[in-house]
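Undergrad: Got a predicted model here, sequence first, then my questions.
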Amino acid sequence: MLHWRIATRSERLIGNLHLCHASSKPFLPVNHSAARLESRAAHTISRPAYSSRSASRTIARGTPPSRHQLAPGYPTPSNRALVTSSSKSSEASGRSGRAAVTRQRGADFVIEQVNIGAPRHDEVLVRIVASGVCHTDMVVRDEEYGPLPAVFGHEGAGVVEAVGEHVTNVTVGDHVVLSYAFCGECDLCHSGHPAHCREVFPINFGGGRLDGSTSTTDTQGERVHDHFFGQSSFAEYAVVNRNNLVKVDKNLPLDMLAPLGCGLQTGSGAVINAMKVRPGSSFVAFGAGTVGLASVMAAKVAGATTIIAIDINLQRLELAIELGATHIINSKKIDPVQAIQDITGGGADFTLECTGRPSVLTQAVDSLGFFGTCGIVGAAPLGSKVELDVNGIMIPAKRVMGIVQGDSTSATFIPILIELWKQGRFPFDKLIKHYDFDDINQAVADSESGRVIKPVLRIGKV
Ligand SMILES: [Zn+2]
Ligand SMILES: [Zn+2]
């Protein structure tokens, strides 16, 4: 019945609309916004499913860690107060500037004047020029993730203003893109998987450095938590560990490069670094937000010849075609599993779950063919379970893999993405809409409503 082929853009849309009417059973709730489709997916650093050296280090979302759960050196409410926030190793002074501070769960961001301390010996003071807005920023604003008050934001880009005495990878005046934090000392960091660092949760969500210290104070001298994803980029200045920085060409627009450090890296890295999508293969993105669309672009770069995007937002599906999708599926209208089986002739080689919805993960696994691989980048709420057909995985030799930040080493992967962008092969600029820093709450609203895929705040001049 369903005739699938590589058609023109308009043909595909018409075909899809036709298919929309072919089923009366929507795949997802009608009132579920496209922004929510990408729920929690624009970053994938979440609570680690594994232990952090021991099970006692795993910190549950929504549950403030009790002292006995914490490893030595991890900040506790008592020892946090004892740690100074000032630099001891750098002669550089701190800065005063504006930052979007969250003092209350679920409240709008409020821009305040704050003071940022000088960088430590292994840190860099960055004047933020732009920052992407990621769904994770809304999650931590609204839910019990780490202490408040805090400055969030984790897709920053800016200019180096001061460096600690042990920093050699950047100098004052360099332009940098900021990415996630990692310890750089554990076995997983050493084996080339810093995105799966054993300290990934406390170092990115702990509200300060691993020793509990912070850099930010408000005008009353009270501490404001920071180092979110090692950066807290909703601010005019950020103190960042040297490991989190990627030096970029000064001729490139920082307000375009900012989102590379999380969402874009997550989707493209999942395809290129983690799943290793191969030429001639079939690839499916479940969810067409920033992560899903980045994966579509990367699948095209990797040589996949059947690229399927699934969403409930037709504008996003149209964009997916522009970015390289050969087929689109409106999952509100038709069963994506059957459609994928039809398109691929028995199942996809690769599927990527970007929505954080367990029911969608089941679909993503069911859509695989023999020796197919399903990647998970959408973080579901802690404790989420998924129903899978055991024999349906074993006999066709399917694989399911978790992926954080695309298993990317930012320092080497982001330059690759920039080069692909310069060549027109990774046109992520089509996802971006810019906002003034003062309009941060409008940017968030437009992201949550699905009107904008990737808002980027313009915070300072180059
Ligand atoms: Zn993110
Ligand atoms: Zn590590």
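TA: Looks like it came in fine. Owing to the predicted nature of the structure, the values given are computational and were not obtained by experimental measurement. Ligands and ions are numbered 1, 2, ... in the order given.
Undergrad: CA only for contacts and neighbour counts going forward, please
TA: Fine.
Undergrad: Averaged pLDDT, the strand or helix carrying Leu257. What do you get?
TA: Per DSSP states H and E: Leu257 is located in helix 254-257. Taken as a whole, helix 254-257 has an average pLDDT of 98.
Undergrad: and it, C-alpha only, in PDB?
TA: The C-alpha coordinates for helix 254-257 follow below in PDB (Å, rounded to 0.1, in the frame of the first residue of the first chain):
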ATOM      1  CA  LEU A 254      30.700  33.000  18.000                       C
ATOM      2  CA  ASP A 255      27.000  33.600  18.100                       C
ATOM      3  CA  MET A 256      26.700  30.800  15.500                       C
ATOM      4  CA  LEU A 257      29.200  28.400  17.100                       C
END
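Undergrad: Show me what secondary structure element comes after that helix.
TA: Following helix 254-257 in sequence, per DSSP H and E, is helix 263-269.
Undergrad: Just after that following helix, pick out the following helix or strand.
TA: strand 282-286.
Undergrad: Convert the C-alpha atoms of that following strand to PDB, please.
TA: Provided in PDB are the C-alpha atoms of strand 282-286 (Å, rounded to 0.1, in the frame of the first residue of the first chain):
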ATOM      1  CA  SER A 282      19.600   3.400   6.700                       C
ATOM      2  CA  PHE A 283      19.300   5.800   9.700                       C
ATOM      3  CA  VAL A 284      16.200   6.900  11.600                       C
ATOM      4  CA  ALA A 285      16.000   9.900  14.000                       C
ATOM      5  CA  PHE A 286      13.100   9.700  16.500                       C
END
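Undergrad: Return the residues of the stretch 151-300 of the chain in contact with ligand 1.
TA: By the rule Cα under 5 Å from the ion, the part of the stretch 151-300 of the chain lying against ligand 1 is Cys262.
Undergrad: Low-confidence regions, the stretch 1-150 of the chain specifically.
TA: Residue ranges of the stretch 1-150 of the chain with pLDDT under 70: 1-92.
Undergrad: do that again at 90, thanks
TA: Within the stretch 1-150 of the chain, the ranges that satisfy pLDDT under 90 run 1-94, 135-136, 139-140, 142-146.
Undergrad: wait, isn't Gly156 in contact with Leu178?
TA: Yes: taking Cα atoms under 8 Å as the definition, Gly156 is a contact partner of Leu178 at 5.3 Å.
Undergrad: where's Glu353 relative to Asn273, distance?
TA: 16 Å (Cα to Cα, to the nearest Å).
Undergrad: repeat for Leu188
TA: Distance of Leu188 to Asn273, given as Cα to Cα: 15 Å.
Undergrad: can you check Val444 too?
TA: From Val444 over to Asn273 (counting by Cα to Cα), the distance is 30 Å.
Undergrad: Looking at the stretch 51-200 of the chain, which residue is nearest ligand 1?
TA: Per Cα to the ion, Cys134 is where the stretch 51-200 of the chain lies closest to ligand 1, at 4.7 Å.
Undergrad: I'd assumed Gly263 was in contact with that residue.
TA: Yes: judged on Cα under 8 Å, Cys134 makes contact with Gly263 at a distance of 7.2 Å.
Undergrad: my guess is Asp349 meets Asp366, correct?
TA: No: the pair Asp349 and Asp366 fails to qualify as a contact (Cα under 8 Å) at a distance of 11.5 Å.
Undergrad: For the protein, which residues are neighbours of ligand 2?
TA: Contacts of the chain with ligand 2, taken as Cα under 5 Å from the ion, map to Cys183, Gly184, Cys186, Cys189, Cys197.
Undergrad: so who does Ala443 touch?
TA: Neighbouring residues of Ala443 by Cα atoms under 8 Å, 6 or more residues apart in numbering: Val133, Tyr435, Pro455, Val456, Leu457.
Undergrad: Check these against Leu388 and report the nearest one.
TA: Val133 (33.6 Å; Cα to Cα).
Undergrad: tell me which residues of the helix or strand Val140 falls within are tucked away?
TA: Applying DSSP H and E as the criterion places Val140 in helix 135-142. For helix 135-142, a neighbour-count test (16 or more other Cα atoms under 10 Å) marks His135, Thr136, Asp137, Met138, Val140, Arg141 as buried.
Undergrad: same thing with stretch 353-365?
TA: Quick answer for stretch 353-365 (16+ other Cα under 10 Å): Glu353, Cys354, Thr355, Gly356, Arg357, Pro358, Val360, Leu361, Thr362, Gln363, Ala364, Val365.
Undergrad: Out of the residues you listed, the closest to Leu388 would be?
TA: Nearest to Leu388 among the buried residues of stretch 353-365, with distances taken as Cα to Cα, is Thr362, at 6.2 Å.
Undergrad: Neighbours of the closest residue to ligand 1 within the stretch 351-462 of the chain, how many?
TA: Here the stretch 351-462 of the chain gets closest to ligand 1 at one residue, Gln405, 8.7 Å apart by Cα to the ion. Per other Cα atoms under 10 Å, the neighbour tally for Gln405 reads 32.
Undergrad: Next: Pro336.
TA: Using other Cα under 10 Å, Pro336 has 25 neighbouring residues.
Undergrad: And the one 4 residues further on, by the same measure?
TA: Here the number of neighbours of Ile340 (other Cα under 10 Å) works out to 26.
Undergrad: was I right about Val248 contacting Leu178?
TA: No: with contacts counted by Cα under 8 Å, Val248 stays clear of Leu178, the gap being 10.4 Å.
Undergrad: okay, those two: which has more neighbours?
TA: Counted by other Cα under 10 Å, Val248 and Leu178 do not tie: Leu178 has more neighbours, with 36 against 20.
Undergrad: residue boundaries of the helices in the stretch 251-400 of the chain?
TA: Taking DSSP state H, counting those that start in this stretch, the helices of the stretch 251-400 of the chain run over residues 254-257, 263-269, 290-302, 314-323, 336-344, 358-366, 390-394.
Undergrad: secondary structure class for Val456?
TA: strand (DSSP: H, G, I helix; E, B strand; the rest coil).
Undergrad: Tell me the spacing between it and Val444.
TA: 10 Å.
Undergrad: what do these two both touch?
TA: Common contact partners of Val456 and Val444 (Cα under 8 Å, 6+ apart): Val133.
Undergrad: Look at those two and report which has more neighbours.
TA: With neighbours defined as other Cα under 10 Å, Val456 and Val444 compare such that Val456 has more, 28 against 22.
Undergrad: and the more buried one, bridged to which residues?
TA: Going by DSSP bridges, Val456 is paired in beta bridges with Gly132, His434.
Undergrad: shouldn't it be in contact with Leu257?
TA: No: in this structure Val456 lies outside contact range of Leu257 using Cα under 8 Å: 9.6 Å.
Undergrad: Can you tell me the number of residues neighbouring the nearest residue to Leu188 once chain neighbours are set aside?
TA: In space, and not counting its chain neighbours, Leu188 is closest to Cys197: 5.5 Å by Cα to Cα, 6 or more residues apart in numbering. Counted with other Cα under 10 Å, residues neighbouring Cys197 total 24.
Undergrad: Same check on Thr412?
TA: For Thr412, the neighbour count with other Cα under 10 Å is 10.
Undergrad: Helix or strand: which one has it?
TA: Counting by DSSP H and E, the element that carries Thr412 is helix 410-422.
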